[in-house]
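Undergrad: fold the following for me, if possible:
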Amino acid sequence: MDIDTRFILAVGVILSVTFFSEASSSLASNESGRSSSFHEQVEPILIRHCLECHGADQKGGLDLRTRATAIEGGESGPSFEPGDPDASLLFEYISSEEMPPEEPLEAEQIAVIKQWIADGATYPDQPLDPFKYTTDQ
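TA: Numbering: from 1, shown residues only. Here you go, the predicted model:
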């Protein structure tokens with residue numbers, strides 16, 4: 001192998017390592033952003049507007065405290081399809097203002113939930129704490 005070929009191969013390796021390193025960093029940053037977005041936007045909506053009925057009480061058999069129980073859903077079926085808000089009962093119920101029944105979500109909150117489902121409906125590792133926004137910690 002001559003010196004030109006080795007140089008071209010070396011440059012190719014360096015560019016490949018750089019590309020994959022940046023892509024990996026971008027993916028990690030995006031996941032971190034999703035987690036941050038969940039805690040800042042989605043979690044308060046779920047806790048303040050949904051968990052009173054769909055937490056420990058599990059009205060309709062629905063428990064929204066964890067991703068697994070939320071996806072499993074309740075008596076009406078799975079509550080959402082990660083990545084597809086239009087196929088999600090949760091989105092259907094909140095966008096039609098059927099849920100929450102006494103005080104429907106605002107348009108901005110509905111948009112947050114729609115985007116969250118579209119992005120894959122991430123959840124934290126621990127179940128949501130229904131008292132997080134109602135008591136001092």
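Undergrad: which of the three states applies to E108?
TA: helix (DSSP: H, G, I helix; E, B strand; the rest coil).
Undergrad: again, but for the one 3 residues further on
TA: Under three-state DSSP, the three-state class of A111 is helix.
Undergrad: from Y133, how far out is G120?
TA: From G120 over to Y133 the distance is 24 Å, taken as CB to CB, to the nearest Å. Yep, even glycine has a C-beta here, placed from its N, CA and C like the rest.
Undergrad: do the same with H54
TA: Counting by CB to CB, the separation of H54 from Y133 is 16 Å.
Undergrad: neighbour count: those two, which is higher?
TA: H54 (25 against 12; other CB atoms under 10 Å).
Undergrad: and that one, how far from I94?
TA: Distance from H54 to I94, counting by CB to CB: 12 Å.
Undergrad: and what of L105?
TA: Applying CB to CB to L105 and I94 gives a distance of 5 Å.
Undergrad: please enumerate the shared neighbours of the two.
TA: I113 (CB atoms under 8 Å, 6 or more residues apart in numbering).
Undergrad: please name the nearest non-neighbouring residue to Q58.
TA: G74 (7.1 Å; CB to CB, 6 or more residues apart in numbering).
Undergrad: show me what the one you found is bridged to.
TA: Counting by DSSP bridges, G74 is bridged to G77.
Undergrad: ok, and for stretch 68-86, which residues are buried?
TA: T69, A70, I71, G73, G74, P78, S79, F80, E81, P82, P85 (16 or more other CB atoms under 10 Å).
Undergrad: just stretch 47-63 next, same as before
TA: I47, R48, H49, C50, L51, C53, H54, G55, L62, D63.
Undergrad: ok, I94 - contacts?
TA: By CB under 8 Å, 6+ apart, I94 lies in contact with P100, P104, L105, Q109, I110, I113.
Undergrad: now do 10 Å
TA: By CB atoms under 10 Å, 6 or more residues apart in numbering, I94 lies in contact with I45, H49, C50, S88, P100, P104, L105, Q109, I110, I113, K114.
Undergrad: thanks again, I'm all set now.
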